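1. what's the 3D shape of this:
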Amino acid sequence: MEALPYIKSFQGKTVVVKYGGSTLGLSEVVRNICLDMVFLKCVGIHPVLVHGGGPEISQAMKDKGKKAEFVQGLRVTDRETMQITLEVMTRTNAALVDLIVRGGGEAKGVVSGAAGAGRFLSARKKAAKDEKGNPVDIGFVGEVTGVDTGLLRGMHEGGSNIIPVIAPIAVGEDGQLYNVNADHAASEVAVALKAHKLVFLTDVQGIRGAPEGQGPLLSSLHARDVEDLIRQGVASGGMVPKVRACARALAGGVAKTHIIDGRVMHSLLLEVFTDEGIGTEIVQ
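-> Residues are numbered from 1 along each chain as shown. Model prediction:
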């Protein structure tokens, strides 16, 4: 009964969920997340899943005798690494679609550059700098410049039950494929779709009040606090792109953003449909 007013309030709204990275390898957790997506669809909400796959890409590179390199948290992506990235993302995307279908839902994979997806995510080459502030070429790494919302809206309209599953691969104006940070991609998709919520599922409880994961869990934050949290070291490492993606989404019109522990069974439903929630929400 606690969930009922939330279900009524969110019916017909879009919820973008970013999932992946460190928790994609936990099979039981992944199945639960996919079931949660089916539940959202069944109660009249439009879920959109954006996935990552960084650890899997690193492992695939290692299997091929190739060392992963990073500049300011961005994977240096030469032509061979881009091909490995595409293969891993395509495989991960298909596996998530299959799990949603096995859970009783309908899903369609969206991988830019692949058949049927075309230029869903458009991008330009991302400019990067090293630790000294000098420009550095990190290869085929892109930043999103456009989202083809027509493809996704077609999955939501006319009573369609399809759940889009999006890989963070984008296409440049010249047709070149680019590796895109999945947090950034999820934020841009949420803004383009005018989503009601953007939820990041991670391997931590949320944002704590002190550096290195110390201090009490912060249940709610304001977007204006994001850069201060980064400067103070409260948000560091992989949390930095997530909190910045939250701030970007809020500035673009998304109503609420959330960072929660995806390892908790049905964490998505607990965050969306209960009064207390389980993670950190960042609001405008």
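2. just the pLDDT at the nearest residue to residue 149 once chain neighbours are set aside, thanks.
-> Leaving aside its sequence neighbours, residue 149 sits nearest to residue 192 (C-beta to C-beta, 6 or more residues apart in numbering; 5.0 Å). C-beta: built from backbone N, CA, C; applies to glycine. According to the per-residue confidence, residue 192 scores 95 in pLDDT.
3. and if you look at residue 183?
-> Per the predicted model, pLDDT is 93 at residue 183.
4. burial measure for it, as a count.
-> Residues lying near residue 183 (other C-beta atoms under 10 Å) number 28.
5. which helix or strand contains it?
-> In the assignment (DSSP states H and E), residue 183 maps to helix 182-192.
6. cool, residue 260 as well?
-> Secondary structure assignment for residue 260, by DSSP H and E: strand 256-261.
7. what's the answer for residue 95, then?
-> Assignment of secondary structure by DSSP H and E places residue 95 within helix 79-102.
8. now stretch 245-262: mean pLDDT?
-> Stretch 245-262 shows a mean pLDDT of 94.
9. for stretch 82-93, same thing?
-> Averaged across stretch 82-93, pLDDT comes to 93.
10. what separates that stretch from the chain centre, distance-wise?
-> Relative to its parent chain, stretch 82-93 has a centroid offset of 16 Å by C-alpha atoms, centre = their mean, to the nearest Å.
11. where exactly do the helices run in the stretch 51-200 of the chain?
-> If you assign secondary structure with DSSP state H, counting those that start in this stretch, the helices in the stretch 51-200 of the chain sit at 54-63, 79-102, 149-156, 182-192.
12. which one of those is the most hemmed in?
-> The densest packing among those, expressed as mean neighbour count by mean count of other C-beta atoms under 10 Å, is seen in helix 182-192 with a mean of 27.
13. export it as CSV, just CAs?
-> Taking Å, rounded to 0.1, in the frame of the first residue of the first chain, the C-alpha atoms of helix 182-192 are listed here in CSV:
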residue,chain,number,x,y,z
ALA,A,182,27.9,5.1,-19.8
ASP,A,183,27.1,7.6,-17.0
HIS,A,184,27.3,10.5,-19.5
ALA,A,185,25.2,8.5,-22.0
ALA,A,186,22.5,7.8,-19.4
SER,A,187,22.3,11.5,-18.4
GLU,A,188,21.9,12.6,-22.1
VAL,A,189,19.3,10.0,-22.7
ALA,A,190,17.3,11.1,-19.6
VAL,A,191,17.4,14.7,-20.7
ALA,A,192,16.4,13.9,-24.3
